[in-house]
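>>> With the input below, show me the fold.
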Amino acid sequence: MNGANLSLPEPIELVALDPARNIRRRYSITASLDLFGMIVVETRWGRIGSHGQAQRHAFIDRAAADRHIAATLRRRGTAETRIGVPYKPVPTEI
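Residues are numbered from 1 along each chain as shown. Now for the predicted structure:
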């Protein structure tokens, strides 16, 4: 696999804010290439201002990485039902 010609998904930053209920959450998804040409998708989440948690998954091709990202975003889309506040995208700095 030639990693030099592989395009990567764009970084995604999401926040859920409700100051009245003290809800301040962040969620980010970034993708990068490792030394073996695999796409590594890193997901970070937690309260804004804290270190939070992170999880990494490696994928052999862009389609698999996109499916994982889409599944993750579908779950974030249900936040309003679960926590009462929707996640909203924020501009990312590259």
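>>> Packing partners of the host helix or strand of E80?
Secondary structure assignment for E80, by DSSP states H and E: helix 79-83. Judged by 3 or more CB pairs under 8 Å, 6 or more residues apart in numbering; DSSP states H and E, helix 79-83 is in contact with no other helix or strand. All C-beta atoms are positioned from the backbone trio N, CA, C, and that covers glycine.
>>> Report the buried residues of it.
A79 (16 or more other CB atoms under 10 Å).
>>> neighbouring contacts of it?
Here helix 79-83 makes contact (CB atoms under 8 Å, 6 or more residues apart in numbering) with 16, 23, 25, 85-87.
>>> Would you mind identifying the next helix or strand past it?
Counting by DSSP H and E, what follows helix 79-83 is strand 88-89.
>>> Direction included, what does that following strand pair against?
Sheet pairing here is set by DSSP bridges, and for strand 88-89 it gives strand 12-18 (antiparallel).
>>> Check what contacts the partner strand and list those residues.
Contacts for strand 12-18 (CB under 8 Å, 6+ apart): 23-30, 48, 69, 73, 76, 79, 83-92.
>>> Now the buried members of these.
Using 16+ other CB under 10 Å, the buried ones in those are 24-30, 69, 76, 79, 85-87.
>>> Which one of the residues you listed is nearest to D61?
Ranked by distance to D61 (CB to CB), the buried ones among the contacts of strand 12-18 are led by I69 at 13.0 Å.
>>> in this structure, what secondary structure element scores lowest on mean pLDDT?
The helix or strand of the chain with the lowest confidence, counting by mean pLDDT, DSSP states H and E, is helix 79-83 at a mean of 88.
>>> Let me see the contact set for A65.
In this structure, A65 makes contact with 9, 31, 39, 41, 59, judged by CB under 8 Å, 6+ apart.
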